[in-house]
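# Only the shape, not the letters, is given here:
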């Protein structure tokens, strides 16, 4: 159903329902009420067939976007971070797949590529543009039952824009205070539990010696090296451990992601995504699902995918990757998987390589 055709009866229903009881809206006509969600049944069918539910055990941890008929799904990477793929399951429509492969991760966009053994799936149909007017109706995953998806409706609430890393990007380490000037300046004293440095295997006592191949000797050197970098970027960190020089690929984290204290606004929001900043571009809307409901498609009223929900930001804002960027991400990830699958398996130690064919 076209957007304008849906809006008129929906608006009329809401007006009629609230005419005499403006201060007490019946539950049937609230945002999540059956009287409202029934208007989005065509979009719900798309969500049913072209979105995925990602599970860890019995717990729903995210949704996903089906991007190919052959079992390729995109989801929010930070929601599955640190989880063994063997503990994941994916439900598409009413079929549950327990063999899940994590094919790749795009740390800049916080997107993970999952694959299940399936065929004949219905991938999303991409909308021609994300440049829609503010106030445009959009639809996303709501709750889900064992067999049926539910949906939530809302509107595009701001212009497309970048969301810079809140507080800047950081390694997530606390450096020890040297006792004298001749002591090393960059010895790690503590690591944040959520930091990329801890994830990469750095330890207290390690001395940071270089970033991206350039020597660093002071805190100012590190600050300068990280100044223009974004959360999610991976940098090569050189360090010394017990007289051995080592390197590690460290994922930079947003400072807000590692902070233990919540702002007053966060305390009032109640539920938000672990990562909600550091995105090159986002489409903002006002659908307020739970943080675990991110990762699924954002649809227009023609059932086309206008973006991928990537973060519940706060009590009034949700972010989606615009469709143009989503198509590019999906294309890159599918091509990377295709190239990887085409690579010949390494020959056994005693085996002779196969002859080349001219």
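That came through fine. Here the structure is a predicted model, which is why all the values come from computation and not from measurement. Numbering: from 1, shown residues only.
# can you give me how far stretch 283-298 is from the chain middle?
Mean C-alpha position of stretch 283-298 versus that of the full chain (CA atoms, centre = their mean, to the nearest Å) differs by 10 Å.
# List the buried residues of that stretch.
Neighbour counts using 16 or more other CB atoms under 10 Å place 283-289, 291-298 of stretch 283-298 among the buried residues. Just so you know, the C-beta spots here come from the backbone N, C-alpha and C atoms, and that holds for glycine as well.
# Give the burial count for the closest residue to residue 251 other than its chain neighbours, as a bare number.
Among residues not flanking residue 251 along the chain, residue 196 sits closest, at 3.5 Å (CB to CB, 6 or more residues apart in numbering). By other CB atoms under 10 Å, 29 other residues sit near residue 196.
# What are the buried residues along the strand or helix carrying residue 327?
Using DSSP states H and E, residue 327 maps to helix 323-342. Neighbour-count burial for helix 323-342, with 16+ other CB under 10 Å as criterion, is recorded at 323, 324, 325, 326, 329, 330, 333, 334, 337.
# now stretch 202-222
For stretch 202-222, burial by neighbour count (16+ other CB under 10 Å) applies to 202, 206, 207, 208, 209, 210, 211, 216, 221, 222.
# Could you give the separation between the terminal residues of that stretch?
End-to-end span of stretch 202-222 (CA to CA, to the nearest Å): 16 Å.
# List of residues touching that stretch?
171, 173, 175, 184-191, 225-226, 235-241, 245, 247-248, 250 (CB atoms under 8 Å, 6 or more residues apart in numbering).
# As a check, name the ranges of all helices in this protein.
For the chain, the helices defined by DSSP state H cover 3-18, 34-37, 41-50, 196-199, 219-226, 255-258, 264-269, 323-342.
# Would you format the buried residues of stretch 202-222 as JSON lines with distance to residue 131 and pLDDT included?
Shown next, in JSON lines, are these (distance: CB to CB, whole Å; pLDDT from 0 to 100):
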{"residue": "202", "distance to residue 131": "43", "pLDDT": "96"}
{"residue": "206", "distance to residue 131": "47", "pLDDT": "96"}
{"residue": "207", "distance to residue 131": "49", "pLDDT": "96"}
{"residue": "208", "distance to residue 131": "44", "pLDDT": "96"}
{"residue": "209", "distance to residue 131": "47", "pLDDT": "96"}
{"residue": "210", "distance to residue 131": "43", "pLDDT": "96"}
{"residue": "211", "distance to residue 131": "38", "pLDDT": "96"}
{"residue": "216", "distance to residue 131": "42", "pLDDT": "94"}
{"residue": "221", "distance to residue 131": "42", "pLDDT": "90"}
{"residue": "222", "distance to residue 131": "39", "pLDDT": "90"}
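# closest to residue 151 among those?
The nearest member of the buried residues of stretch 202-222 to residue 151, counting by CB to CB, is residue 202 at 43.5 Å.
# for the stretch 101-250 of the chain, which spans come out with low pLDDT?
For the stretch 101-250 of the chain, the stretches with pLDDT under 70 are 167.
# try 80 this time
Across the stretch 101-250 of the chain, the ranges flagged by pLDDT under 80 are 143-147, 164-168, 181, 194, 228, 231.
# if we can go back for a sec, now the helix holding residue 327: how far from the chain's centre is it?
Its chain's C-alpha centre and that of helix 323-342 lie 16 Å apart, by CA atoms, centre = their mean.
# can you check stretch 172-184 too?
36 Å.
# again, but for stretch 304-324
Here stretch 304-324 is found 10 Å from its chain centre; the criterion is CA atoms, centre = their mean.
# picking that back up, the helix holding residue 327 - contacts with which helices or strands?
Other elements packing on helix 323-342 under the criterion 3 or more CB pairs under 8 Å, 6 or more residues apart in numbering; DSSP states H and E are strand 72-76, strand 100-106, strand 111-116, strand 305-312.
# Next, the contact list for residue 240, please.
Going by CB under 8 Å, 6+ apart, residue 240 touches 206, 207, 209, 246.
# Mind doing that once more with 10 Å?
By CB atoms under 10 Å, 6 or more residues apart in numbering, the contact set of residue 240 is 184, 186, 187, 205, 206, 207, 208, 209, 210, 246.
# would CSV of those residues with distance to residue 35 be doable?
Converted to CSV, these look like this (distance: CB to CB, whole Å):
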residue, distance to residue 35
184, 67
186, 61
187, 63
205, 62
206, 60
207, 64
208, 59
209, 64
210, 62
246, 62
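# Return the member of those nearest to residue 157.
Nearest to residue 157 among these: residue 208, at 42.0 Å, using CB to CB.
# how far away is the closest one from residue 112?
For residue 208, the distance to residue 112 equals 29 Å [CB to CB, to the nearest Å].
# which non-adjacent residue is nearest residue 48?
Here the nearest residue to residue 48 in space, its sequence neighbours aside, is residue 149; by CB to CB, 6+ apart that works out to 4.7 Å.
# Mind listing the residues bridging to that neighbour?
residue 144 (DSSP bridges).
# Surely residue 56 touches residue 81?
No. Look at residue 56 against residue 81 with CB atoms under 10 Å: they stay out of range, at 11.4 Å.
# got the contact list for residue 305?
Counting by CB under 10 Å, 6+ apart, residue 305 makes contact with 46, 50-51, 65-67, 123-127, 130, 296-299, 320, 323, 326-327.
# how about 8 Å then?
Taking CB under 8 Å, 6+ apart, we find residue 305 in contact with 50, 65, 124, 125, 126, 127, 297, 298, 299, 323, 326.
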